[in-house]
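Trainee: Below is the structure, and that's it, no one-letter string:
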């Protein structure tokens, strides 16, 4: 079977990487197309995947509307030549549109309820919508749910083993306390109009948190010059190793907040989007692995409490074990879903 996988974000590379390997090992032919966003292409290179870049995309509503037609056209050209049996992607209107144009089946994965524009552009055209079981919405007959999270497709212990070499790269030891922060651009279609830290709040948070340990910042946007010295500089495929060993994650990145929680690292998510996503409801209320705040000041106060608890990582490790016992092997589920999907 020939399968086209389109990735539009670094997290999508992680989501599909083990699935792609499974499918190839079973004899299926995979074509990867990718958007040049942040470190997406660097990750594909690091994992040894061959791919075709479909462009960079655009920001703002007007730019994104223009981008839909351009990306649809670019993907259509590639898909028509490759002749896939199935196309798949994460919340991906281009896959859905091109699949419909070519009269080929498409599978859409999503875990983002509030992405209303992408929903409107994608769901009517795709053949199957696959979400975590905690997804709040019922999307009808073509909607199926699984008992897991996107991030478990690459952070489940069947696939992820933390590499301590990342600590050496940053001149750290396993006993060093350090904090990972993330700031996002808020230019995704589902993020427009929302926010987290102001510039002043970023400066205050760094000034307070650096008292508790070393600080590393990842950011989609330029940092204030005072914070540039904290910018994390490691190969992008090593971020999950770092998160595993961190004392705390705090930031605006929703995916990174989920990743840290699943890895057993205390996680604080700051965003005006709090209380819009089912995965965070479950991670907070059922498993106690993440804290959700709309106000940076409240988040900072919680961070200080976490960072003064000497037993916090052990506590989070136990919570993580409970989560893993409850959840499925998401990679195996996705692999079998694609293979058994009726063409």
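Mentor: The structure has been received and is ready for your questions. Predicted model only: the values in this text are computed from it and were never measured.
Trainee: Give me the neighbour count for residue 83.
Mentor: Using other CB atoms under 10 Å, residue 83 has 11 neighbouring residues. In short, each C-beta sits where N, CA and C put it, glycine included.
Trainee: right, and it touches residue 2 too?
Mentor: Yes. Residue 83 is within contact range of residue 2, at 6.3 Å (criterion: CB atoms under 8 Å).
Trainee: intersection of neighbour lists for these two?
Mentor: Both residue 83 and residue 2 lack any common contact, where contact means CB atoms under 8 Å, 6 or more residues apart in numbering.
Trainee: part of a helix, is residue 160?
Mentor: No. Judged by DSSP: H, G, I helix; E, B strand; the rest coil, residue 160 forms no part of a helix; its state is coil.
Trainee: Give me the number of neighbouring residues for it.
Mentor: 19.
Trainee: try the one 10 residues further on
Mentor: Summarising burial for residue 170: neighbours were counted as other CB under 10 Å, giving 16.
Trainee: now residue 309
Mentor: Count around residue 309 with other CB under 10 Å applied: 12.
Trainee: do you know how far it is from residue 255?
Mentor: Note on residue 309: its distance to residue 255, by CB to CB, to the nearest Å, is 25 Å.
Trainee: How about residue 13?
Mentor: Relative to residue 255, and taking CB to CB, residue 13 is found at 12 Å.
Trainee: okay, the two: which has more neighbours?
Mentor: Shown here are residue 13 and residue 255; by other CB under 10 Å, residue 13 has more neighbours (27 against 20).
Trainee: contacting residues around residue 226?
Mentor: With CB under 8 Å, 6+ apart, residue 226 has these contacts: 203, 206.
Trainee: And the helices in the stretch 151-300 of the chain?
Mentor: Taking DSSP state H, counting those that start in this stretch to define them, one finds helices in the stretch 151-300 of the chain at 152-155, 165-169, 199-209, 239-245, 254-262, 278-285, 296-307.
Trainee: List the buried residues in the helix or strand in which residue 325 is found.
Mentor: Using DSSP states H and E, residue 325 falls within helix 312-326. Residues 312, 313, 316, 319, 320, 323 are the ones in helix 312-326 that count as buried (16 or more other CB atoms under 10 Å).
Trainee: One more: stretch 125-145?
Mentor: In stretch 125-145, counting by 16+ other CB under 10 Å, buried: 125, 126, 127, 128, 129, 130, 131, 132, 134, 135, 139, 143.
Trainee: So which of those belong to strands?
Mentor: Residues of those located in strands (DSSP state E): 128, 129, 130, 131, 132, 143.
Trainee: farthest pair in the residues you listed?
Mentor: Pairwise distances across these peak at 14.8 Å for 128 and 132 (criterion: CB to CB).
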